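Participant: Got a sequence here, can you build the structure:
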Amino acid sequence: MFEPIEVGSRSRRTFSAAGRILGALKLDGPLLVGIGLIMLFGLVVLYSASGQNWSMVFKAGVRAALGGVAMCALAQVKPAFLRRLALPLWVMGVILLIVVDVTGHIGKGAQRWLDLGFMRFQPSEIMKLAVPMCAAWWLHERPLPPDWKALFVVALIILVPSCLTIIQPDLGTGTLILIGGTLVVIMAGLQFRVMFGLAAAGVVSAWFAWQYVLYDYQKQRVFTLLDPESDKLGAGYHIIQSQIAIGSGGVFGKGLLNGSQGQLEFLPERTTDFIYAMVGEELGLLGATILLLLYCFVVGRALYLAVETQDTFARLLAGSISLTFFVYVFINAGMVSGLLPVVGVPLPLVSYGGTSMVTLLASFGILMSLYSHRKLVAS
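Facilitator: Below you'll find the predicted structure:
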């Protein structure tokens, strides 16, 4: 009759021991569980989306493991070292982007990778971390809200790598780099007149980019968003097939390996950018909602950790990491459902990809470091 008490006591000791291990490793348990569940969800969906390709699933698992190692390693690093690393990392990233733009590997019409022989490496992924780190470093010891001089330097920190990435061309990653840096500036606090001036500059920049920077196919994506039926077999094909897949799944979905649009290969990029459409078709509204709830949990927990940090650099960087992760999810979900233009943004921790997975997990390691070292941040 006392066995339930013993089992409960044993469970509490197990959880307590796990908590001590995570604490020693500077890892946040709830955030780690949320990330792990999303990645497990992603491997199951990838197995179906790839047509039961165990090799692809294994490679995704290996990349997730590498990202996990990077996350654990960065969680041990003190924020003071991260501040010192910010500028060298940004400079190295810019140099690599220039090298890519000149001699990079070309794939699918874009010049985005460095071919190292044993692997292809996408330097623009580094800038997703380097830009907010460098922007937070620059604003760390300056009065907030920042003045125009400080904003001018931050603008260079953000725009140089963003432009170098967009001309590869990689509009999706370039936009994410721009958003990550901009979030740092917003969280630093801006006066109304400064916000109005930046908004006006943004409008002018958007017009300039439309006229002189964006390629014709990138402009076509915007037109296709407004009327995908105008080119059913061309520019509108991706969105139309994605909407058909999501709509046909209904509430409970068709079941894994049973989605017609995905399994019959009508849905393009079903293992990468459009994998969320596979979730909607095979697992239905229920599966898609569960995945979104997991994302909401991770974002909420990440924001909680960001709020608990104790200095300007940590708060700005942690907040940017948390909100940028939310933006990734928002853009991908909006893209596959036809609410946003197709810009090539993968679904975080679910889409098949190497550098992106490692970068995301590394960013969460930095976030955990900023939180776990909050009392040692001045050391």
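
Participant: use CA for all of it now, contacts and neighbours both
Facilitator: Will do.

Participant: nearest spatial neighbour of Leu164, skipping sequence neighbours?
Facilitator: Leu97 (6.4 Å; CA to CA, 6 or more residues apart in numbering).

Participant: Check His238 too.
Facilitator: Pro268 (6.3 Å).

Participant: same question, Trp210
Facilitator: Lys219 (7.4 Å).

Participant: And the longest helix anywhere in the chain, what does it pack against?
Facilitator: The longest helix of the chain (DSSP state H) is helix 275-308. With contacts taken as 3 or more CA pairs under 8 Å, 6 or more residues apart in numbering; DSSP states H and E, helix 275-308 sits against helix 29-49, helix 237-248, helix 312-336, helix 355-372.

Participant: repeat that for 10 Å
Facilitator: helix 29-49, helix 237-248, helix 260-263, helix 312-336, helix 355-372 (3 or more CA pairs under 10 Å, 6 or more residues apart in numbering; DSSP states H and E).

Participant: Tell me which of those sits most buried.
Facilitator: Ranked by mean neighbour count under mean count of other CA atoms under 10 Å, those are led by helix 355-372, which reaches a mean of 25.

Participant: Taking their axis directions, it and helix 312-336 sit at what angle?
Facilitator: Angle of helix 355-372 versus helix 312-336, following axes from the mean of the first three to the mean of the last three CA atoms, to 10 degrees, is 140 degrees.

Participant: what angle sits between helix 355-372 and helix 29-49?
Facilitator: Here helix 355-372 runs at 170 degrees with respect to helix 29-49, directions being taken by the same axes, to 10 degrees.

Participant: Average pLDDT for helix 355-372, rounded please.
Facilitator: Helix 355-372 carries an average pLDDT of 91.

Participant: what kind of secondary structure is the residue nearest to Leu164 in?
Facilitator: Three-state call for Leu97 (DSSP: H, G, I helix; E, B strand; the rest coil): helix.

Participant: low-scoring stretches of this structure, by residue?
Facilitator: Low-confidence segments of the chain (pLDDT under 70): 1-15, 104-113, 115-119, 213, 217-218, 223-231, 233-235, 354, 375-379.

Participant: sorry, back to before: determine which of the helices and strands packed on helix 275-308 approaches Met187 most closely.
Facilitator: helix 312-336 (6.4 Å; CA to CA).

Participant: Check the offset of that closest one from the chain's centre.
Facilitator: A distance of 7 Å separates the centroid of the chain from that of helix 312-336, by CA atoms, centre = their mean, to the nearest Å.

Participant: which helices and strands does it pack with?
Facilitator: For helix 312-336, the packing partners by 3+ CA pairs under 10 Å, 6+ apart come out as helix 79-103, helix 124-140, helix 171-187, helix 237-248, helix 275-308, helix 355-372.

Participant: Residue ranges of each domain in the chain, please.
Facilitator: The chain breaks down by automatic domain parsing into domains covering 31-76+215-374, 85-214.

Participant: Kindly check the end-to-end length of the last one for me.
Facilitator: Distance across domain 85-214, first residue to last, is 33 Å (CA to CA, to the nearest Å).

Participant: contact partners of stretch 70-77?
Facilitator: For stretch 70-77, the surrounding residues in contact (CA atoms under 10 Å, 6 or more residues apart in numbering) are 24-28, 64-69, 82, 358-373.

Participant: For it, buried residues please.
Facilitator: Neighbour counts using 16 or more other CA atoms under 10 Å place 70-77 of stretch 70-77 among the buried residues.

Participant: Can you lay out the residues you listed as JSON lines showing secondary structure?
Facilitator: Putting those into JSON lines (three-state DSSP) gives the following:
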{"residue": "Ala70", "secondary structure": "helix"}
{"residue": "Met71", "secondary structure": "helix"}
{"residue": "Cys72", "secondary structure": "helix"}
{"residue": "Ala73", "secondary structure": "helix"}
{"residue": "Leu74", "secondary structure": "helix"}
{"residue": "Ala75", "secondary structure": "helix"}
{"residue": "Gln76", "secondary structure": "coil"}
{"residue": "Val77", "secondary structure": "coil"}
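
Participant: do you know how far the closest residue to Ser369 other than its chain neighbours is from Leu82?
Facilitator: Sequence neighbours aside, Ala75 is the residue nearest to Ser369 in space, at 4.2 Å (criterion: CA to CA, 6+ apart). According to CA to CA, Ala75 and Leu82 sit 11 Å apart.

Participant: circling back to that earlier point, can you pull the contacts of the residue nearest to Leu164?
Facilitator: Contacts of Leu97 by CA under 10 Å, 6+ apart are 91, 103-104, 112-114, 122-124, 126-127, 160-165, 168.

Participant: count of neighbours near the nearest residue to Gly259 once chain neighbours are set aside?
Facilitator: If the residues on either side of it in the chain are set aside, Gly259 comes closest to Glu282, at 5.3 Å by CA to CA, 6+ apart. Residues lying near Glu282 (other CA atoms under 10 Å) number 31.

Participant: Same check on the one 5 residues further on?
Facilitator: Residues lying near Gly287 (other CA under 10 Å) number 19.

Participant: for Gly189, same thing?
Facilitator: With other CA under 10 Å as criterion, Gly189 counts 13.

Participant: And the one 10 residues further on, by the same measure?
Facilitator: Ala199 sits with 12 neighbouring residues when counted by other CA under 10 Å.

Participant: From Ala155, how far out is Met133?
Facilitator: Using CA to CA, Met133 is found at 14 Å from Ala155.

Participant: Equivalent analysis for Ala306, please.
Facilitator: In terms of CA to CA, Ala306 sits 23 Å off from Ala155.
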